[in-house]
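K.L.:
Got a predicted structure here, sequence first:
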Amino acid sequence: MTSIRHLLAGAAALAFGLGAWAQGYPNKPITLVVPFAAGGPTDVVARSVGAAMAKTLGQSVVIENKLGAGGTLAAGYVAKAAPDGYTVLIHHNGMATAPSLYRKLSFNAQTDFEYVGQVVDVPMTLLGRKDLPANNAQELAAWLKANAAKVNLAHAGLGAVSHLCSMVLRQAVGVELQTVPYQGTAPAMTALLGGQVDVLCDQTTQTVQHIKAGTVKMYGTTTAQRIKALPDAPTLAEAGLKGVEVVVWHGVYAPKGTPKEALDKLNAALRAALKDPGVTARMAELGAEVVSESKQTPEALRTWLKAETERYAPMIKAAGVYAD
Ligand code: ASP
């Protein structure tokens, strides 16, 4: 009898334990929302980091590309998603520029989210179609001025870093250019490769492969120093085009009200992913740099986002660019 009672008690404890485990977070796949097209720079970072996070979370991390309105559609979508830890967002500087670029936004970047942490910093490169006559940054500036009326500069919409870079470029060269928006720089790159657009400024997480293959013209990096992934590439300042400095930072966000248990687990998974040798090697190869541990915290992302939002506001105001 005693042994049967023990057996039953043991089975009950096991059932309770399994039940509690089944209800624990996460017990189903997590959706990581990417605001731009599949195959583009943000998507590349998301897929690499997301796959590594899945190892720690014990659940798959499914990438969902939510396109439109320069990344703001995705941010608005996640802001309104159930705050249960199963829908999270990866986004870049656009979280800080969109509030100045859009008169109406469906979300408030500083009050509608919980923060998970920063991810990687990625340089940008200024590219031209392969047959563009300009062979260096100074020639490009002259060519842009001479051809302003017919130049097509591709970007991924207001709020995209390619758009931000194009604003900085136009200010540096002192010329107004016609811009062509895409739903990510993967399709913008296809247009550049096909010669349908002339110029694109984009993250190295997409451009390194095309630069190495020689299928585009590369005028320089948007960084203060040369980058290891492209040692022969001059910085734009070095190449004679000063003032075009943009470094792309990334953060992971969850809807406001997401339980702390889920946020802690997401943060632990993010930290582990950023130490994963597969991730660090892939990122280094693509010119991206995993942020320091002190930046991998919710608080660091919150502070950074606020500072960046304040930093960009006057610049965007001066450029007079906005969307209704
Ligand atoms: N590079 C894009 C941007 O300009 C985003 C993307 O397609 O990943 O923001």
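P.N.:
That came through fine.
K.L.:
Now do the strands for the protein: every range, in order, please.
P.N.:
Using DSSP state E, the strands of the chain run over residues 30-34, 61-65, 87-91, 113-129, 152-155, 178-181, 199-203, 216-221, 247-255, 289-290.
K.L.:
between the ones you listed, which gets nearest to the ligand?
P.N.:
Taking CB to the nearest ligand atom, strand 199-203 is the member of these nearest to the ligand, at 5.2 Å. Where you see a C-beta, it was placed from the backbone N, CA and C, and this is true even at glycine.
K.L.:
what about the residue lying closest to G174 once chain neighbours are set aside, neighbour count?
P.N.:
Leaving aside its sequence neighbours, G174 sits nearest to K145 (CB to CB, 6 or more residues apart in numbering; 7.6 Å). For K145, the count of nearby residues is 13 (other CB atoms under 10 Å).
K.L.:
surely K145 meets V173?
P.N.:
Yes - under the criterion of CB atoms under 8 Å, K145 makes contact with V173 at 6.5 Å.
K.L.:
hang on, the earlier thing: give me the distance between the residue nearest to G174 and R271.
P.N.:
47 Å (CB to CB, to the nearest Å).
K.L.:
same thing with P26?
P.N.:
Distance from P26 to R271, by CB to CB: 16 Å.
K.L.:
The two: which is more packed in?
P.N.:
P26 (19 against 16).
K.L.:
which residues touch that one?
P.N.:
L57, G58, Q59, G85, Y86, A262, K265 (CB atoms under 8 Å, 6 or more residues apart in numbering).
K.L.:
For the second one, give me its contacts.
P.N.:
Looking back up the chat, that one is G58. With CB under 8 Å, 6+ apart, G58 has these contacts: P26.
K.L.:
Would you mind measuring from it to the ligand?
P.N.:
To the ligand, G58 is 28 Å away according to CB to the nearest ligand atom, to the nearest Å.
K.L.:
what pLDDT does that residue get?
P.N.:
Note for G58: predicted pLDDT of 98.
K.L.:
Torsion angles phi and psi at it?
P.N.:
Per-residue torsions, G58: phi 70, psi 20 (degrees, to the nearest 10).
K.L.:
Those residues of the stretch 151-300 of the chain touching the ligand, which are they?
P.N.:
A156, A160, V161, S162, G184, T185, A186, D202, Q203 (CB under 6 Å from any ligand atom).
K.L.:
hey, what's the nearest residue to D43 once chain neighbours are set aside bridged with?
P.N.:
Counting by CB to CB, 6+ apart, D43 lies nearest to V34, which is 5.1 Å off, once chain neighbours are set aside. For V34, the beta-bridge partners are N65 (DSSP bridges).
K.L.:
I figured V34 hits E64, correct?
P.N.:
Yes - between V34 and E64 a contact is recorded at 6.9 Å, counting by CB under 8 Å.
K.L.:
Those two: which has the busier surroundings?
P.N.:
Neighbour totals were compared for V34 and E64, and V34 leads with 25 against 15 (other CB under 10 Å).
K.L.:
Now do the same contact list for that one.
P.N.:
V34 neighbours (CB under 8 Å, 6+ apart): T42, D43, A46, I63, E64, N65, K66, A74, I90.
K.L.:
just checking: which of the residues you listed also lie near the ligand?
P.N.:
Residues of the contacts of V34 in contact with the ligand (CB under 6 Å from any ligand atom): T42, D43.
K.L.:
Turn the buried ones among the contacts of V34 into a named PyMOL selection, would you?
P.N.:
PyMOL command restricting the contacts of V34 to the buried ones, with burial defined by 16 or more other CB atoms under 10 Å:
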select buried, resi 42+43+46+63+65+66+74+90
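K.L.:
Same list (the contacts of V34) but as TSV, adding pLDDT.
P.N.:
Formatted as TSV, these follow (pLDDT from 0 to 100):
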residue	pLDDT
T42	98
D43	98
A46	98
I63	98
E64	98
N65	98
K66	98
A74	98
I90	98
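K.L.:
tell me which of the contacts of V34 is nearest to V291?
P.N.:
Distance to V291, by CB to CB, is smallest for I90 among these, at 13.2 Å.
K.L.:
Bridging across strands, which residues link to that closest one?
P.N.:
Under the criterion used here (DSSP bridges), I90 is bridged to V252.
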